[in-house]
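Novice: next input, structure requested:
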Amino acid sequence: MFGEFLSAHKKSIIAWLITCAVFAVVFSLYELPLAPVLYGAVLSGFFGAVIIAAGYVSYRRKRTALQRLADEITISAENIPLPQNGTEEDYTKLIHTLYDSLKAAENEAAEKLSDMTDYYTMWVHQIKTPIAAMGLILQNGDSPEYSELSENLQKIEQYAEMVLCYLRLDSNSSDLVIKEYDLDSIVKQDMKEFAAQEGMVIVMETSTGNLRAVVGWKEAKGKVVEDTTLLSKARETFLFRGASLLAALETGKVTLDDMFHTYAGIDVIGQDTIYDHNWRKGGYGELTLLQGLAYNSSIAIDKAVDVAYQNKDVFLQKLQQMGLEKDSTYKGSWPVYALGFHHRRPTSMVSFFNAIANGGKMVSPKLQEGSAIVVDSMIAKKKNIESMQKALRFFITNGLGKKAETKMVNVAGISGSIHTEDGIYADFCGYFPIEKPKYTVFVSYKRPGTPAPGGNMAGRTFRKIAELLKKNIK
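Specialist: The predicted model follows:
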C-alpha cells in the first residue's frame, strides 16, 4: 500500500529532485559553495518526508474505509469517506448518483415482482376453488373415465402448488417460518410463579390478522385446566387508556409533549375522584402526556381527554370510529369509561393495538388462513399513529414496561392492572419487531389480590414469547 502511495506522488518527488539538481548546477556554474544547496535539500527533504508520512496515514485510513465499504455498498452509500478536494467530490457525487439510480431500479423491479406475485398468488388461490369442486364431483363416480379425470385433476392441483412455491422462493414472506410453539407451558409455568387463577395469550399476525396462537388456562379445584372461553369473555381492561389517548391526540388539542399536573396522585375529574397507582407514595406531580402513559397515570389520561373534548359524547363517538364499539351496558361516567372500566373482549384490544403496529390499518382477527379482512384502512391520522408508536416504545424503554424489553428484538407495548369484582387483571399488549411488526401479542393474568403489576407479570411472559418467536423467524 505504501508503494502505491509513493507511486501516486512520484511527480512531486521527481519535481523536488529536479529542483535540487537545478540549484546544484547553478551554484556550480557560478563557482559558489554547494553546502547551502545540500543543507536546503536535507531540510526540504525532512519536511517533505513528514508531510508524506501524514499523507500516508490519511491515505491508509481512506483505503481501509473504501475496502470495508466494498462489502456494504449494495446496502448503503452513506459511509463513503468525505472528499478532500474537488476531484474526489465529483467522484463522490457520481457514486451517489449511480447508487440512487441503482436503488430506484431495484425498487421498481421489486414493485413489479410484488405485483406479479400478488396476481399469481390470487390466481392460485382462486383456481383451487373449482379444483376442489371438481374433486368432489369426481368422487361420486366410479367409472374408468372418472378415475382418469381424478388423476389428471391431482396433477393440475400439484402444478398450481408448484407455481405458488416458486413465487415464494425469493419473497420476503418465505423467511418467516411458522412452527408450533409451546406457549401453554409458558403460561402455566408463569401462572404458578405469579399465583394466578387465570392466564391467557393471543398471538396475532400483524399484517393479516391470522391468529397464530390462542391459549387460555384457569385454576379449578387445585388443577390448571384449559379454558378457551376466557378469550371471548368481556371484562374491564386498563389497556383501554391507550385508545383514549389516541382519541385525544386526534383532536389536535393535545400532544405527547403537553404537561399535566397529577398532583399527589389524587384528583377530582368531573364528579369522580381519580387515583394514580402510586398515590400512597405521593404521586408523580407534573408529567408530559408521554410520561403519563408510560407511568400509567390515570389522571394524566383523563385530563388529556377533558382538554380535548368538551362534549364527551363526541369522545365516545370517536372511539367507535376507531373500531372500538361502545359498551351499551355501561351506565357510569366518562372519566371511568376512558380508563377501561367497562366490558370489552380481549380480541378488541388486540385488534386496536395491532392497528397501531400496522400503521393504522385495522384487520379482523381470524382463525382461518387467508388474506386480511380490513375493518378500517386508517383508524386515525398518520401522525397520531406515529405518536402512539413512539409512546408504546417509550413505555418499554422508560416506563413501566421494562420487564418486557429484550435484547433479541425491539418491542413496543403497554401494560396495566385493573381491579374488578372477580379479581385483579394484569394485562400486557405489544408488538414486534418495531421496525416491521410481524406479531401482536396479548397476555393476561388474573389474581385474587394485590400485587398484580401488568408490566412485571404479563410483560415478562410477553418477553418470553417474543424471544421464542424471534428465534424462529429466519
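Novice: give me every residue that touches the nearest residue to Lys192 once chain neighbours are set aside.
Specialist: The shortest distance from Lys192 to any non-neighbouring residue, by C-beta to C-beta, 6 or more residues apart in numbering, is to Val224 (7.8 Å). For the C-beta atoms, the positions are set from N, CA and C on the backbone; glycine is no exception. By C-beta atoms under 8 Å, 6 or more residues apart in numbering, the contact list for Val224 reads Lys188, Met191, Lys192, Trp217, Lys218.
Novice: want to throw these into JSON lines with secondary structure and pLDDT?
Specialist: Shown next, in JSON lines, are those (DSSP: H, G, I helix; E, B strand; the rest coil; pLDDT from 0 to 100):
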{"residue": "Lys188", "secondary structure": "helix", "pLDDT": "89"}
{"residue": "Met191", "secondary structure": "helix", "pLDDT": "90"}
{"residue": "Lys192", "secondary structure": "helix", "pLDDT": "88"}
{"residue": "Trp217", "secondary structure": "strand", "pLDDT": "92"}
{"residue": "Lys218", "secondary structure": "strand", "pLDDT": "92"}
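Novice: which of those sit farthest apart?
Specialist: Using C-beta to C-beta, these span at most 12.9 Å, a distance reached by Lys192 and Lys218.
Novice: okay, the two: which has more neighbours?
Specialist: Lys218 (18 against 12; other C-beta atoms under 10 Å).
Novice: that one and Thr229 touch, don't they?
Specialist: No. Using C-beta atoms under 8 Å, Lys218 is not in contact with Thr229, being 9.1 Å away.
Novice: relative to Glu88, how far out is the residue lying closest to Thr206 once chain neighbours are set aside?
Specialist: Once flanking residues are discounted, Thr206 sits nearest to Pro437: 4.4 Å by C-beta to C-beta, 6+ apart. Here Pro437 is placed at a distance of 42 Å from Glu88 (C-beta to C-beta, to the nearest Å).
Novice: which helix or strand contains Val268?
Specialist: Following DSSP states H and E, one finds Val268 within strand 266-269.
Novice: actually Val203, sorry about that
Specialist: Short version, using DSSP H and E: Val203 is in strand 198-205.
Novice: next one: Ile414
Specialist: Assigned by DSSP H and E, Ile414 belongs to strand 412-420.
Novice: one more: Asp118?
Specialist: helix 86-139.
Novice: who does that helix touch, helix- and strand-wise?
Specialist: Helices and strands touching helix 86-139, by 3 or more C-beta pairs under 8 Å, 6 or more residues apart in numbering; DSSP states H and E, are helix 144-168.
Novice: so what's the residue nearest to Lys192 scoring on pLDDT?
Specialist: Looking at Val224, its pLDDT reads 89.
Novice: tell me which helix or strand comes right after the strand holding Val268.
Specialist: Using DSSP H and E, the helix or strand that follows strand 266-269 towards the C-terminus is strand 272-275.
Novice: give the partner strands of that following strand in its sheet and their orientations.
Specialist: strand 266-269 (antiparallel) (DSSP bridges).
Novice: in the strand it pairs with, which residues are buried?
Specialist: Judged by neighbour count using 16 or more other C-beta atoms under 10 Å, the buried positions of strand 266-269 are Asp267, Ile269.
Novice: neighbouring contacts of it?
Specialist: For strand 266-269, contacts defined as C-beta under 8 Å, 6+ apart pick out Thr273, Ile274, Tyr275, Asp276, Trp279, Gly283, Ile299, Asp302, Lys303, Asp306, Pro335.
Novice: can you redo those as JSON lines with neighbour count and distance to Phe395?
Specialist: JSON lines is the format used below for the contacts of strand 266-269 (neighbours: other C-beta atoms under 10 Å; distance: C-beta to C-beta, whole Å):
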{"residue": "Thr273", "neighbour count": "10", "distance to Phe395": "25"}
{"residue": "Ile274", "neighbour count": "23", "distance to Phe395": "20"}
{"residue": "Tyr275", "neighbour count": "14", "distance to Phe395": "20"}
{"residue": "Asp276", "neighbour count": "24", "distance to Phe395": "16"}
{"residue": "Trp279", "neighbour count": "18", "distance to Phe395": "20"}
{"residue": "Gly283", "neighbour count": "21", "distance to Phe395": "19"}
{"residue": "Ile299", "neighbour count": "26", "distance to Phe395": "17"}
{"residue": "Asp302", "neighbour count": "26", "distance to Phe395": "18"}
{"residue": "Lys303", "neighbour count": "24", "distance to Phe395": "18"}
{"residue": "Asp306", "neighbour count": "19", "distance to Phe395": "22"}
{"residue": "Pro335", "neighbour count": "25", "distance to Phe395": "21"}
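Novice: ok, back up a step: let's verify the residue nearest to Thr206: helix, strand, or coil?
Specialist: Following DSSP: H, G, I helix; E, B strand; the rest coil, the label given to Pro437 is coil.
Novice: which residues in the stretch 351-474 of the chain form strands?
Specialist: Along the stretch 351-474 of the chain, counting by DSSP state E, counting those that start in this stretch, strands occupy 362-363, 374-376, 412-420, 423-432, 439-447.
Novice: C-alpha coordinates for the third one, PDB please?
Specialist: These are the backbone C-alpha positions of strand 412-420, laid out as PDB (Å, rounded to 0.1, in the frame of the first residue of the first chain):
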ATOM      1  CA  ALA A 412     -43.300  -1.800  21.900                       C
ATOM      2  CA  GLY A 413     -46.400  -2.200  24.100                       C
ATOM      3  CA  ILE A 414     -48.500  -1.200  27.100                       C
ATOM      4  CA  SER A 415     -49.500  -2.800  30.400                       C
ATOM      5  CA  GLY A 416     -52.000  -2.200  33.100                       C
ATOM      6  CA  SER A 417     -53.700  -3.700  36.100                       C
ATOM      7  CA  ILE A 418     -57.300  -3.200  36.900                       C
ATOM      8  CA  HIS A 419     -59.400  -4.200  40.000                       C
ATOM      9  CA  THR A 420     -62.700  -5.800  39.100                       C
END
